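>>> sequence and computational prediction follow.
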Amino acid sequence: MKAGIVGASGYSGLELIRLLLGHPEVEIETIVSPSNAGLKLNEVFPHLTNIQNCEFDALDVNDLASKVDIVFFATPAGISSQSIPSLIERGIPCIDLSGDFRLKGNGLYEEWYKHSSPPAQVLEQAVYGLSEFYPEEIANANLIANPGCYPTASLLGILPIIQQDWVDPSSLIIDGKSGLSGAGRKTSLAAHFSEVNENVSAYKLGKHQHIPEIEQLLSMQIEKEIQVTFATHLIPLTRGMMCSMYMNLLTEKTTNQVIELYQSFYENHPFIRIMPEGKWPTPKGVAGSNYCDIGFSVDDRTNRITVISVIDNLMKGAAGQAVQNMNLRFGFAETEGLMLSPVFP
Ligand SMILES: NC(=O)C1=CN([C@@H]2O[C@H](COP(=O)(O)OP(=O)(O)OC[C@H]3O[C@@H](n4cnc5c(N)ncnc54)[C@H](OP(=O)(O)O)[C@@H]3O)[C@@H](O)[C@H]2O)C=CC1
Ligand SMILES: CC(=O)N[C@@H](CCC(=O)OP(=O)(O)O)C(=O)O
């Protein structure tokens, strides 16, 4: 199968290159980066010397449609929705790592992403690519909206217990922390080493574009409107993110009962690992891999539960989940090309 990657010079595009190079069913046919068009991949990224010899292309939808069987978009918000309608009209399946097709509802793009909504008739074809929850829909979709990194970590960590009605979803507080690669490769003062290193900063409080995404999914799952408190922080890591989530329990449960619930829920999901009682996951424990590790603590004094969920933002939070979705869509083994051990230490 031939794949095209638009946004191949960005962090999640590069991660797609790394994964697809190791995928037995896929060949990378074209890599698109407007600012690097005509340059060889290894001229821009010397770490890929003698690994993949190809040139960056400019974005040309007709050219893409004539040579690939699938297109990944790893582009900033507002870009993929300009090309995807024409590609899916020509029958080319697309997996979009950006937020352009994740939100359904009037005015949400204008409010949270500050760009206009994609065409309604295309948006309604988009399937939300949370692989563990929507495998059948993904298998039949021509447009897969890959989830955001924070929504992936949060939803995988809380949906099983929320679906079980053991917690009050309106009490949910999500405390998210992300490494710097989550902000992409472009430089900015906020990403300045001397300001990020040995520091932690809160950002986009109350304004983060993942708030409506998380609320939309929670509301759909429990068929009730839910609003969440979501606080995001930048931490001095290259890759990795942690979501610590707090909820009120509606019935008395022990940590072990919660662990048993999750072990059974995720029994057939190879990328979800449930931590034993008294152990909590770390971003280092999943770095470079497609795993999501989840740990728990029930406080019987306050009857509240803490759920800790970690992923590598570039893997399960972006390129890894996109390849998992491609596997589901094309009938390959779900783990094909993704059984990478975490890089530790
Ligand atoms: N980084 C992460 O952890 C995650 C990112 N995402 C989402 O994935 C998308 C990509 O993120 P990330 O890899 O971090 O971004 P980067 O900023 O690192 O890369 C962006 C890429 O998009 C390309 N691009 C920019 N403008 C255009 C355009 N007009 N037409 C075609 N290509 C263009 C850039 O090419 P050039 O260099 O030529 O400008 C570059 O290759 C974003 O929407 C992001 O929100 C989702 C989950 C996690
Ligand atoms: C550290 C950092 O800045 N992370 C980014 C994650 C970007 C992302 O995943 O956003 P999309 O919804 O556009 O895909 C952020 O918090 O906005």
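Okay, I see it. Residues are numbered from 1 along each chain as shown. Ligands and ions are numbered 1, 2, ... in the order given.
>>> element containing residue 261?
Applying DSSP states H and E as the criterion places residue 261 in helix 255-265.
>>> and residue 305, by the same measure?
Using DSSP H and E, residue 305 falls in strand 304-311.
>>> burial check on the closest residue to residue 42 other than its chain neighbours, number of neighbours?
Counting by Cβ to Cβ, 6 or more residues apart in numbering, residue 42 lies nearest to residue 49, which is 4.2 Å off, once chain neighbours are set aside. C-betas here are computed from N, CA, C, even on glycine. By other Cβ atoms under 10 Å, the residues close to residue 49 number 12.
>>> roughly how far does residue 49 sit from residue 15?
18 Å (Cβ to Cβ, to the nearest Å).
>>> quick check: phi and psi at the closest residue to ligand 1 within the stretch 1-150 of the chain.
In the stretch 1-150 of the chain, the residue that lies nearest ligand 1 is residue 10 (1.9 Å; Cβ to the nearest ligand atom). According to degrees, to the nearest 10, the main-chain angles of residue 10 amount to phi -90, psi 180.
>>> and for residue 221?
Dihedral angles (degrees, to the nearest 10) for residue 221: phi -70, psi -40.
>>> could you pull up the residues touching it?
159, 162-163 (Cβ atoms under 8 Å, 6 or more residues apart in numbering).
>>> what does the protein put close to ligand 2?
Proximity of the chain to ligand 2 (Cβ under 6 Å from any ligand atom) is limited to residues 77, 98-99, 148-149, 178, 182-183, 209-210, 232, 234.
>>> and the pLDDT at the closest residue to residue 51 other than its chain neighbours?
In space, not counting the residues next to it along the chain, residue 51 is nearest to residue 21; the distance is 6.7 Å by Cβ to Cβ, 6+ apart. What the model reports for residue 21 is a pLDDT of 98.
>>> residue 211 contacts residue 226, correct?
No: applying Cβ atoms under 8 Å as the test, residue 211 and residue 226 come out as separate, 11.0 Å apart.
>>> with neighbour numbers in mind, choose between the two.
Using other Cβ under 10 Å as the criterion, residue 211 and residue 226 rank with residue 211 on top: 20 against 17.
>>> where does the more buried one sit: helix, strand or coil?
Counting by DSSP: H, G, I helix; E, B strand; the rest coil, the backbone at residue 211 sits in helix.
>>> repeat that for residue 64.
For residue 64, the assignment made with three-state DSSP gives helix.
>>> neighbours around it, how many?
22.
>>> who's the nearest residue to residue 241 once chain neighbours are set aside bridged to?
Leaving aside its sequence neighbours, residue 241 sits nearest to residue 178 (Cβ to Cβ, 6+ apart; 4.3 Å). Beta-bridge partners of residue 178, counted by DSSP bridges, are residue 234, residue 241.
>>> so what's the residue count around residue 284?
16.
>>> quick check: it is in a strand.
No: counting by three-state DSSP, residue 284 is not part of a strand but helix.
>>> for the closest residue to residue 197 other than its chain neighbours, which three-state class applies?
Distances taken as Cβ to Cβ, 6+ apart place residue 236 nearest to residue 197, at 5.0 Å, with adjacent residues excluded. Judged by three-state DSSP, the three-state class of residue 236 is coil.
>>> so what's residue 236 up against?
Contacts of residue 236 (Cβ under 8 Å, 6+ apart): 179-180, 196-200.
>>> and it, what's its pLDDT?
So, for residue 236, pLDDT stands at 98.
>>> which one of the residues of the chain next to ligand 2 has the most neighbours?
Those, ranked by neighbours (other Cβ under 10 Å): first place residue 149, 28 neighbours.
>>> for the residue lying closest to that one once chain neighbours are set aside, give me phi and psi.
Using Cβ to Cβ, 6+ apart and skipping the chain neighbours, the partner closest in space to residue 149 is residue 317 (3.1 Å). Main-chain dihedrals, residue 317, degrees, to the nearest 10: phi -80, psi -10.
>>> my guess is residue 317 contacts residue 311, does it?
Yes: Residue 317 is within contact range of residue 311, at 5.0 Å (criterion: Cβ under 8 Å).
>>> and these two? Which one has more around it.
residue 311 (34 against 30).
>>> tell me which residues touch that one, please.
149, 152-153, 156, 240-241, 283, 286, 291-292, 317.
>>> now with 6 Å, please.
Residues near residue 311 by Cβ atoms under 6 Å, 6 or more residues apart in numbering: 153, 286, 292, 317.
>>> and residue 255, how far from ligand 1?
30 Å (Cβ to the nearest ligand atom, to the nearest Å).
>>> contact partners for that residue?
277, 296-298.
>>> spatially nearest residue to it, not counting backbone neighbours?
Residue 255 sits nearest to residue 298 (Cβ to Cβ, 6+ apart), 4.6 Å away.
>>> isn't there a strand covering that neighbour?
Yes: assessed with three-state DSSP, residue 298 lies in a strand.
>>> residue 174 is in what secondary structure piece?
Going by DSSP H and E, residue 174 is in strand 167-178.
>>> make sure residue 105 is indeed in a strand.
No: Residue 105 is assigned coil when assessed by three-state DSSP, not a strand.
>>> find the nearest non-adjacent residue to it, please.
residue 216 (7.1 Å).
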